[in-house]
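Trainee: Structure, please.
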Amino acid sequence: MAMTDEPRKKRNLIPLKKALERGGFGRTKAYKLIKKGKIIAYKMEGQTMVDADSIEAYHMTLPRIEPRT
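Mentor: You can find the predicted model right below:
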């Protein structure tokens, strides 16, 4: 088994360009989120690949705007 006892999960990687579309943010914001650990990215043969599941997880952490009554 790998270095940890956790089972390995297949990563849902997408190219950065698609990640920007899915995330609804620009390149600069994406790299800030990567640096802060909010979304997960990997280098694959020189190309930045983003874990699509981490984008969904990031979206789930965003605060809801409460409607005024």
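
Trainee: Quick one: end-to-end length of stretch 19-34, please.
Mentor: For stretch 19-34, the first and last residues are 12 Å from each other (CA to CA, to the nearest Å).

Trainee: for the record, mean pLDDT for it?
Mentor: Averaging pLDDT along stretch 19-34 gives 98.

Trainee: If we go by neighbour counts, what in it is buried?
Mentor: Of the residues in stretch 19-34, Ala19, Leu20, Gly23, Phe25, Ala30, Leu33, Ile34 count as buried by neighbour count, 16 or more other CB atoms under 10 Å. Heads up, the C-betas are built off the backbone N, CA and C, glycines and all.

Trainee: which of those residues lies closest to Ile40?
Mentor: Nearest to Ile40 among these, counting by CB to CB, is Ile34 at 7.6 Å.

Trainee: Mind jotting down where the helices sit in the protein?
Mentor: In the chain, the segments counted as helices under DSSP state H are 16-23, 27-36, 52-61.

Trainee: For those, could you give me CSV that also reports distance to Thr69?
Mentor: Below are the helices of the chain laid out as CSV (distance: least, CB to CB, whole Å):
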stretch, distance to Thr69
helix 16-23, 31
helix 27-36, 32
helix 52-61, 25
